[in-house]
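Asks: Model the following, please.
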Amino acid sequence: MKEFDTLFFEFFKQKNDPNIVLSKTEFYSYTVQIAVFSDRLARLYPDQKEVAAQNKEKWLSESYQDYLDYKASQKK
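Replies: Have a look, this model is predicted:
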């Protein structure tokens, strides 16, 4: 698994590039891997457990359809 920073910035670079459209599998691969890092954060820093849980939930609730709508708006 990639390091968090690398994964996070790679995802946002591709997400914001108007010439790249991630497949559904690629999109969810990124979001799930980023969510897993939240679990790791909670184990490493127990005092951040609530924040980590909120971040995990946010990443797991990312919608591919919302992503496609965002990509379509980039082309306008």
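Asks: and the nearest residue to Ile34 once chain neighbours are set aside, how many neighbours?
Replies: Spatially, and ignoring its direct neighbours in sequence, Ile34 is nearest to Trp59 (4.9 Å; Cβ to Cβ, 6 or more residues apart in numbering). The C-beta positions use only the backbone N, C-alpha and C, and glycine is treated the same way. Applying other Cβ atoms under 10 Å, we find 18 other residues in the vicinity of Trp59.
Asks: From Thr31, how far out is Trp59?
Replies: Distance, Trp59 to Thr31, by Cβ to Cβ, to the nearest Å: 5 Å.
Asks: which one is the residue nearest the centre of the chain nearest to, not counting chain neighbours?
Replies: Residue closest to the average C-alpha location in the chain (Cα atoms, centre = their mean): Thr31, at 3.3 Å. Excluding the flanking residues, the one nearest Thr31 by Cβ to Cβ, 6+ apart is Glu62, at 4.5 Å.
Asks: For burial, what's the neighbour tally of that neighbour?
Replies: Using other Cβ under 10 Å: Glu62 sits among 17 other residues.
Asks: what's the answer for the one 4 residues further on, then?
Replies: Using other Cβ under 10 Å, the number of residues around Asp66 comes to 10.
Asks: What of Ala72?
Replies: 10.
Asks: So which elements touch the helix or strand encompassing it?
Replies: Ala72 belongs to helix 64-74 when assigned by DSSP states H and E. For helix 64-74, the packing partners by 3 or more Cβ pairs under 8 Å, 6 or more residues apart in numbering; DSSP states H and E come out as helix 24-44.
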